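In: I would like to see how this sequence folds:
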Amino acid sequence: MQNKNFSIGGVIWGKLKKNKLALIGAGVVILLSILALAAPFLTVYSPGEQDIGNRLLAPSAQHLCGTDELGRDIFSRMLYGARVSLSVGFIAVFISTFIGVALGALAGYFGGLLDNIIMRIVDIMLSIPNLYLILMMITFFGPSIFNVMLIIGLTSWMDLARMVRAEFLSLKHREYVLSARVAGASNSRIIFHHILRNALSPVFVSVIFGVGGAILLESGLSFLGLGVQPPDSSWGIILSSGKDYIDKAWWLTFFPGLAIFITVLSYNLLGEGLRDAVDPRLVE
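Out: Numbers count the residues shown, from 1 in each chain. Predicted coordinates for the structure are as follows:
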């Protein structure tokens, strides 16, 4: 007899908490978010405050991560840069998730001509190298925080759309969906209430991976001067400004590079753990 307290969420959490690497990744993600939000309370110096007399100082008790070529405190810039990098990641993934879920649901549920049109658009988008497409759009619209968020979101939805379409193709023939249709439920109610809620697990996994990928992409674009622009600070900008001093000021590239590495790795560990937890083939 099935336990009445049984729930999908309980099974997922039960499996996820057994994955130590996933829990570590989740802990780091939460810690980074807290540090970014608490940046004004954790820093003594303004991220844009210049002090030429203290330029290129090595890490010390006064400047935990040293100073850059303009005497700006790297620790302050790192914390405020985390706000920008994480914001870009979350908002870009929100945009791509909204587009991917909407188009994938429409294609999978209605099928036919609409499905063919949407899937051909996906094929065309996937046939263009993603980096080339992003660089082309940035050249056209110009680099800025808003444009980077929008462009990453508009060029990252295709795989999610295909995944959601596959889920809808599988779920729309289930008994509970057919029963709802016979009972006179509208298409919108069937899509949102009966199918989409049962197709969200892989979407959540895709979102976790997507945030790490978006942060890495934004950092690369900012490093090239095509992403976030000064006076705003992001990890990619800090890394880019330190590349000219790598031989005599190692901390300018070490700390932002380490932050990017740890952040992306943590999101990937969490995503891997969540993917294993929601895989129905692994349910015990």
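
In: ok so S233 is a strand residue?
Out: No: secondary structure of S233 (DSSP: H, G, I helix; E, B strand; the rest coil): coil, not part of a strand.

In: Which residues are in contact with it?
Out: P47, G48, R77, Y80, G81, V84 (CB atoms under 8 Å, 6 or more residues apart in numbering). All C-beta atoms are positioned from the backbone trio N, CA, C, and that covers glycine.

In: what about the helices in the stretch 101-250 of the chain?
Out: 112-127, 130-141, 145-154, 158-171, 175-182, 187-189, 200-223, 235-242 (DSSP state H, counting those that start in this stretch).

In: Include mean neighbour count and distance to D73 when you put those helices into a markdown table, please.
Out: Output for the helices of the stretch 101-250 of the chain, formatted as a markdown table (neighbours: other CB atoms under 10 Å; distance: least, CB to CB, whole Å):
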| stretch | mean neighbour count | distance to D73 |
| --- | --- | --- |
| helix 112-127 | 13 | 42 |
| helix 130-141 | 14 | 30 |
| helix 145-154 | 21 | 22 |
| helix 158-171 | 20 | 39 |
| helix 175-182 | 13 | 57 |
| helix 187-189 | 11 | 52 |
| helix 200-223 | 22 | 19 |
| helix 235-242 | 24 | 11 |
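
In: Please name whichever of these is nearest to D276.
Out: helix 200-223 (9.5 Å; CB to CB).

In: Name the nearest residue to the spatially most central residue of the chain, sequence neighbours excluded.
Out: With distances taken as CA atoms, centre = their mean, V211 lies nearest the centre of the chain, 0.9 Å away. In space, and not counting its chain neighbours, V211 is closest to G89: 4.4 Å by CB to CB, 6 or more residues apart in numbering.

In: And the pLDDT at the one you found?
Out: At G89, the pLDDT value in this model is 90.

In: tell me which element it falls in.
Out: helix 74-110 (DSSP states H and E).

In: May I see the buried residues of that helix?
Out: For helix 74-110, burial by neighbour count (16 or more other CB atoms under 10 Å) applies to 74-97, 99-101, 103-109.

In: what do you get for stretch 18-28?
Out: Buried residues in stretch 18-28 (16+ other CB under 10 Å): N19, A22, G25, A26, V28.

In: And for that stretch, what's in contact with it?
Out: Counting by CB under 8 Å, 6+ apart, residues outside stretch 18-28 touching it are 16-17, 262-263, 265-274, 276-277.

In: Could you give the average pLDDT over it?
Out: Taken as a whole, stretch 18-28 has a mean pLDDT of 89.

In: same question, stretch 117-130
Out: 90.

In: Repeat that for stretch 163-182.
Out: 86.

In: So the residue nearest to L16 when sequence neighbours are not counted, which state does it fall into?
Out: The shortest distance from L16 to any non-neighbouring residue, by CB to CB, 6+ apart, is to A277 (4.4 Å). The local conformation at A277, judged by three-state DSSP, is helix.

In: right, and A277 touches F204 too?
Out: No: look at A277 against F204 with CB atoms under 8 Å: they stay out of range, at 10.2 Å.

In: circling back: so who does the residue nearest to V211 touch?
Out: Contacts of G89 by CB under 8 Å, 6+ apart are G210, V211, G212, A214, I215, E218.

In: pLDDT score assigned to the third one?
Out: Spelled out, that is G212. pLDDT at G212 comes out at 91.

In: which ones are touching it?
Out: By CB under 8 Å, 6+ apart, the neighbours of G212 are G89, T263, V264, L265, S266, Y267, N268, G271.
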